[in-house]
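Visitor: here you go, sequence then predicted model.
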Amino acid sequence: MAEAQRRLAQARGDVDALTARAAAAQDPVPYGQSRLGISDTDRDGTLYVPTSYKPGTAMPLVMMLHGFSADKDVWARFARHFARTH
């Protein structure tokens, strides 16, 4: 049992070290809204990173596709509100 606990502690330390290295190696986080740059037209994608995001901390990724009854601006307002409140 002691060996299993030692290995678990070592694994947790390895994960913490990798997470810290990954966070340090990343570019600055583009908080707020920015274009993805996948198209030169008005149909480009948008990335929104809430200010509550902390580099190195896992968070869910939400992808929203629209096309039925609302335009991209309506969905963007909803997504920003959702990101700030959840």
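Guide: Arrived safely, thanks for sending.

Visitor: secondary structure class for Ala76?
Guide: helix (DSSP: H, G, I helix; E, B strand; the rest coil).

Visitor: is it true that it touches Ser34?
Guide: No. Using C-beta atoms under 8 Å, Ala76 is not in contact with Ser34; the gap is 11.9 Å. C-betas here are computed from N, CA, C, even on glycine.

Visitor: looking at these two, which is more packed in?
Guide: Ala76 (16 against 12; other C-beta atoms under 10 Å).

Visitor: tell me how many other residues crowd Asp16.
Guide: Neighbours of Asp16 (other C-beta under 10 Å): 11.

Visitor: repeat that for Thr46.
Guide: 14.

Visitor: quick check: phi and psi on it?
Guide: Dihedral pair for Thr46: phi -130, psi 140, per degrees, to the nearest 10.

Visitor: just for this protein, where's the confidence low?
Guide: For the chain, the stretches flagged by pLDDT under 70 are 1, 15, 18, 21-27, 67-68.

Visitor: ranges for the strands of the chain?
Guide: 32-35, 46-49 (DSSP state E).

Visitor: identify the residues contacting the lengthiest helix in the chain?
Guide: Assignment by DSSP state H gives helix 2-25 as the longest helix of the chain. The set of residues external to helix 2-25 that reach it, using C-beta atoms under 8 Å, 6 or more residues apart in numbering, is 55-56.
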